[in-house]
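In: Compute the structure for the input listed below.
(one chain, ligands or ions: 1)
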Amino acid sequence: MQVDKDLIIIGGGAAGLSAAQYAARANLDVLVIEEMAAGGQCLIIGDLENYPGFPEPINGAEFAMLLEKQAKNFGANFLIGTAKSIAKEGDIYTIETSKGTYTTYAVILTTGAQHRKINVPGEKEFAGRGVSYCATCDGPFFKNKKMLVVGGGDAACDEASFLANLTDKVIMIHRRDKLRAQRSLAERVTKNPNIEVRYNTEIREIKGGMKVEGVVLEDNTSGETYEEEMDAVFVFIGSIPQTSLVPDVKKDEAGYIVTDQNMETENPGLYAAGDVRSSPFRQLVVAAGEGAIATHCASQRIDAIKGEAYE
Ligand code: NAP
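Out: As a prediction, this is how the structure comes out:
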């Protein structure tokens with residue numbers, strides 16, 4: 001049966017763009033469906049300093065542009081639109097999008113993950129008015145002001161370090177008595193004189209008028225709560241994988257898609273790569289590698305269906 005595209009990739013972050021580049025370079029007719037601008041989480045990284053091959057930090061958005069350009073140079077096609085559903089009949093997948101319906105032999109899901117919310121009073125009300133999920137985007141608005149960072153993982157440490165270049169008043173709170181982050185990132189925070197880390201501390205409320213003016217914090221060892229003036233609250237408490245397109249696909253306890261080592265889900269021809277996939281380490285370099293593996297394995301399936309497999 002004739003299909004519209006050999007391969008469809010849903011999501012244009014590092015995993016999707018790497019998958020697209022490998023697919024186009026392997027001469028597959030590939031379409032990347034992306035809701036907004038390609039780049040995913042790269043777009044909110046200020047200085048990307050741990051991607052192999054870039055000894056000097058590179059701006060995340062600039063890096064995303066390079067990934068997209070490289071995929072396009074090899075002939076990948078892009079559709080700006082929303083994927084609404086994935087259906088399968090025989091070997092063929094049908095993707096319904098806001099811009100039409102496409103059939104394909106294989107699908108790679110690279111839909112990533114979204115910021116988790118703290119769900120305290122004031123978080124929603126002050127979003128964009130002092131509550132933020134991106135230090136690089138919003139930190140400069142609060143230069144020399146007092147900022148709270150919530151979280152104890154890699155993202156919280158990275159972002160707190162970034163904010164500490166803008167002010168000497170960064171308070172980082174974590175609900176446990178030690179940071180979850182990689183040691184190198186954690187030490188950068190604990191040794192930074194502009195960052196005060198408060199352990200066993202949780203946020204209970206964000207207060208203010210037109211904008212954030214204060215927070216209510218709780219020492220979870222004593223249960224004591226106290227109010228403190230604050231100009232901004234930056235939340236980095238992990239992410240929620242974007243899996244609504246595949247409600248029935250196997251997930252791990254945290255909701256990330258489970259695949260085999262070929263990045264293939266339990267559904268033959270449906271692959272997942274990057275932050276949406278169950279993995280011990282979510283990094284750009286990992287996402288890019290997973291995208292490449294997914295495409296490589298998908299291409300073997302595509303060749304087999306087309307009768308072009310190397311026996
Ligand atoms: P994460 O590793 O899941 O850490 C989330 C942190 O938020 C944990 O410390 C967690 O506390 C805390 N948390 C979760 N829910 C909370 C709540 N409701 N209230 C208060 N605190 C809460 O998430 P991440 O830091 O966003 O990192 C995600 C992935 O991206 C990781 O794989 C990480 O390695 C990667 N990443 C890497 C870099 C880098 O290498 N430079 C930078 C950013 C992200 P508990 O510890 O108590 O669970």
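In: what about Val249, how many neighbours?
Out: The number of residues packed near Val249 is 17, by other C-beta atoms under 10 Å. Any C-beta I mention is one placed from the backbone N, CA and C, and that applies to glycine too.
In: For the residue in the chain that the ligand sits nearest to, give me phi and psi.
Out: Going by C-beta to the nearest ligand atom, the ligand is nearest to Gly153 of the chain, at 2.4 Å. Backbone torsions for Gly153, taken as degrees, to the nearest 10, come to phi -100, psi -170.
In: Which residue, neighbours along the chain excluded, lies closest to it?
Out: Closest residue to Gly153 apart from its sequence neighbours, by C-beta to C-beta, 6 or more residues apart in numbering: Arg180 at 4.7 Å.
In: pretty sure the residue of the chain closest to the ligand contacts Ala181?
Out: Yes. Contact criterion C-beta atoms under 8 Å: Gly153 and Ala181 qualify, at 5.4 Å.
In: Looking at these two, which has the bigger crowd around it?
Out: Ala181 (22 against 18).
In: Which residues are in contact with that one?
Out: Counting by C-beta atoms under 8 Å, 6 or more residues apart in numbering, Ala181 makes contact with Gly152, Gly153, Asp154, Ala156, Cys157, Val189.
In: helix or strand for the fifth one, which one?
Out: Cys157 is located in helix 154-163, with elements delineated by DSSP states H and E.
In: what's the spacing between the strand or helix carrying Glu205 and its chain's center?
Out: Assigned by DSSP H and E, Glu205 falls within strand 201-208. How far strand 201-208 lies from its chain's middle: 25 Å, per C-alpha atoms, centre = their mean, to the nearest Å.
In: ok, residues contacting that strand?
Out: Under C-beta under 8 Å, 6+ apart, the answer for strand 201-208 is 118, 120-123, 125-126, 129-131, 148, 150, 173-175, 212-220, 225, 227, 233.
In: at 6 Å what do you get?
Out: 120-123, 126, 150, 173, 175, 212-220, 233 (C-beta atoms under 6 Å, 6 or more residues apart in numbering).
In: what's the burial count for Asn200?
Out: For Asn200, using other C-beta under 10 Å, the count is 15.
In: quick one on the thing from earlier: the ligand next: which of the contacts of strand 201-208 are close?
Out: Val150, Arg175 (C-beta under 6 Å from any ligand atom).
In: which of the contacts of strand 201-208 count as buried?
Out: Buried members of the contacts of strand 201-208, counted by 16 or more other C-beta atoms under 10 Å: 120, 122-123, 126, 150, 173, 175, 212, 214-218, 233.
In: Quick one: these as CSV, columns for secondary structure and pLDDT too.
Out: Converted to CSV, those look like this (DSSP: H, G, I helix; E, B strand; the rest coil; pLDDT from 0 to 100):
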residue, secondary structure, pLDDT
Val120, coil, 98
Gly122, coil, 98
Glu123, coil, 97
Phe126, coil, 95
Val150, strand, 98
Ile173, strand, 98
Arg175, coil, 98
Val212, strand, 97
Gly214, strand, 98
Val215, strand, 98
Val216, strand, 98
Leu217, strand, 98
Glu218, strand, 98
Val233, strand, 98
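In: Make TSV out of those residues and add distance to Ile240.
Out: Output for the buried ones among the contacts of strand 201-208, formatted as TSV (distance: C-beta to C-beta, whole Å):
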residue	distance to Ile240
Val120	17
Gly122	20
Glu123	15
Phe126	21
Val150	16
Ile173	21
Arg175	18
Val212	23
Gly214	28
Val215	23
Val216	25
Leu217	24
Glu218	24
Val233	19
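In: Show me what Met172 is bridged to.
Out: Beta bridges link Met172 to Val149, Val197, judged by DSSP bridges.
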